[in-house]
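Trainee: Sequence plus predicted model, see below.
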Amino acid sequence: MKEKVVDLTLNTKLAVDVIVRFLREETGKFGFNKLVLGLSGGVDSSLVVYLSVEALGKENVFPYFLPYKSTDPQSEVDALFMAETLGLSLRKIDITPMIDAYFELEPEADKVRRGNKMARERMAILFDQAMAHSAMVVGSSNKTELLLGYSTWYGDMACSLMPIGDLYKTQIWQMAKDLGLPPQIVKKVPTADLWPGQTDEGELGFQYLLADQILYLLVDERLSPAEVEKKGFSGDLIERIVKRMERYQFKRRMPPICKLSPRTIGWDFNYLRDWGK
Amino acid sequence: MPFKVGIAQIGPRLGDVDFNFQKHLQYIKKAREENIDLLVFPELSLTGYYLQDLSREIALSLDDPRLKELLDVSREISLVVGLAEKSEGFPYISALYLEDGEIKHVHRKVHLPTHGMFEDAKYFARGDRIRAFDSRFGRMGLLICRDAWHLSSGYILAQDRARYLILINASPVRGVRGNVPDPDSMLKNLFTVYAYYLNFYLFFAHRVGFEDGLAYYGGSVIVNPFGQIEASGPYFQEALITGIVDEGIWLRKNSLVPLRRDEDLGMVLKELERISYERESG
């Protein structure tokens, strides 16, 4: 299997210019000028906090570190370092009491249920903090995880704006590096850190470097799986990726509304969110 | 006589015609202060681009009082504005050329992109003609966005003796891997080809701003018939871009490289008719 067949290199300056303007305009139009986000110490949220500060200034960006008792201590070190680098104060809210209170009632719950609950607890806190600050919640989902459905529905996926949702993970690494984000954050092994030892690539069973190239060829270049295989990628891996994309399509859509009337939201009631903005 | 052209590279607000109308008036005021003779606004400048269901609700008829006000202004400054134009069925994506208090020309977008992120033909009716018209500056042609991607559009206007080609756009960014936002470099190639080989002065008015996640990139330009960019706007920011247009340059180019004189319209027509016949008869 080849390592690098497709070049996904971005023009970082141009991409950042678009994203920063996006954050500025899509908050401003709705009467906001502040952003709230979860900062985990990973590269995605570190990049988003950087872009948010570029867009709205450090006085208007409110990062939250929301650990559970099992959260890797290094995450806090990195999140704090990132916040301090940008001149931000990082508020820490420990979610252990909320999570444990619930699972005392559900002691049999497995780690996935617990992990999902943590992601949704963080979401609930961020939206509440956004209300307190009159801010919008900015999300850190990237294109790779959105396509693979590797995120918690209404958990980490829930937000008002997705500035890096059209960037593959490897492009995020490139952008973070180009922007001079701390190397220990850029080079860190990606993990949702929902349980000890969890890593993205371990759980997914493949490397981002390969997955991103396959996704790019399938999604952006619209090649068929057979055509992607001819480029030198494993047929088995391509199939697993295609299956994941299909299986998790529901996470990328609003829940379907059962059509009963001549005009139904989502079917034939079509307006952009920026309606009148 | 040389004249001064201005391009109002604005970011319209989606579906808020009154707001956009006021913005037009501001730019017109500024343009008049700068002694601009012709001011060009981008595609759907009065309405916003990605209208979907709004297209019917906010479409303007050509006797709309706001257009009347622009018509009054057109006695002082010629204008090109973009709007969703009301019709009996679906509205059109239209560009109006306003001058001397009259609507001198209406161009209704012929080529409606409907693929990938585009949905034009789902919400709009298709225009059925591409024609040049006379203005106080000389013969003009008007095209809207995707119209220009079809090379026949520019060819028709050149054969119809247009010297000035006005192209108004709303093009979202769909790539950030090159030096400039996609599809800007391909479009600038197209402009060079149009200007040089069809012998046009080309005025490209492109919008800026976001509609949801779509970023319109600006980069409006004025290109002379030698294919040289005479003025260009910034990317992503509102701006008023101006340039002096000299008919003498057009005339000089037209005689130095006499492609228009040497064009054989009869042969082209004959061949197109043959192709059309052969296609129909299978």
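Mentor: Alright, I've got the coordinates.

Trainee: which residues of the stretch 1-150 of chain B fall in helices?
Mentor: B:17-33, B:54-58, B:65-73, B:120-123 (DSSP state H, counting those that start in this stretch).

Trainee: Extract the CA atoms of the third one and return them as PDB.
Mentor: Taking Å, rounded to 0.1, in the frame of the first residue of the first chain, the C-alpha atoms of helix B:65-73 are listed here in PDB:
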ATOM      1  CA  PRO B  65     -40.700  51.700  -7.200                       C
ATOM      2  CA  ARG B  66     -37.100  51.000  -6.100                       C
ATOM      3  CA  LEU B  67     -36.100  50.400  -9.700                       C
ATOM      4  CA  LYS B  68     -37.900  53.600 -10.600                       C
ATOM      5  CA  GLU B  69     -35.600  55.400  -8.200                       C
ATOM      6  CA  LEU B  70     -32.600  53.800  -9.800                       C
ATOM      7  CA  LEU B  71     -33.900  54.800 -13.200                       C
ATOM      8  CA  ASP B  72     -34.100  58.400 -12.100                       C
ATOM      9  CA  VAL B  73     -30.500  58.200 -11.000                       C
END
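
Trainee: hmm, back to that, among the helices of the stretch 1-150 of chain B, which is nearest residue B:84?
Mentor: With distances scored as C-beta to C-beta, the stretch of the helices of the stretch 1-150 of chain B nearest to residue B:84 is helix B:54-58 (5.1 Å). C-betas here are computed from N, CA, C, even on glycine.

Trainee: Strands along the chain, start to end?
Mentor: Using chain A. Assigned by DSSP state E, the strands in chain A fall at A:35-38, A:61-65, A:91-92, A:136-137.

Trainee: try chain B instead
Mentor: Using DSSP E, the strands of chain B run over B:3-9, B:38-40, B:78-85, B:92-99, B:102-108, B:133-135, B:138-144, B:164-169, B:201-206, B:208-211, B:214-217, B:221-223, B:229-232, B:239-245.

Trainee: Quick one: closest of the helices of the stretch 1-150 of chain B to residue A:198.
Mentor: For these, proximity to residue A:198 was assessed by C-beta to C-beta; helix B:120-123 is nearest, at 43.9 Å.

Trainee: So which bits of that closest one are buried?
Mentor: B:120, B:123 (16 or more other C-beta atoms under 10 Å in any protein chain shown).

Trainee: I'd like to know how many residues surround the closest residue to chain A within the stretch 101-250 of chain B.
Mentor: Closest residue of the stretch 101-250 of chain B to chain A, C-beta to the nearest C-beta: residue B:176 (4.2 Å). The tally of other residues near residue B:176 (other C-beta atoms under 10 Å in any protein chain shown) stands at 22.

Trainee: cool, and residue A:76?
Mentor: 17.

Trainee: State the pLDDT value of it.
Mentor: On the pLDDT scale, residue A:76 is placed at 97.

Trainee: Could you dump the strands of chain B into a markdown table with mean pLDDT, distance to residue A:261 and mean neighbour count added?
Mentor: Below are the strands of chain B laid out as a markdown table (pLDDT from 0 to 100; distance: least, C-beta to C-beta, whole Å; neighbours: other C-beta atoms under 10 Å in any protein chain shown):
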| stretch | mean pLDDT | distance to residue A:261 | mean neighbour count |
| --- | --- | --- | --- |
| strand B:3-9 | 98 | 42 | 25 |
| strand B:38-40 | 98 | 43 | 27 |
| strand B:78-85 | 98 | 26 | 26 |
| strand B:92-99 | 98 | 29 | 26 |
| strand B:102-108 | 98 | 33 | 18 |
| strand B:133-135 | 98 | 46 | 17 |
| strand B:138-144 | 98 | 35 | 24 |
| strand B:164-169 | 98 | 37 | 27 |
| strand B:201-206 | 98 | 39 | 27 |
| strand B:208-211 | 98 | 27 | 25 |
| strand B:214-217 | 98 | 29 | 24 |
| strand B:221-223 | 98 | 48 | 25 |
| strand B:229-232 | 98 | 50 | 18 |
| strand B:239-245 | 98 | 45 | 19 |
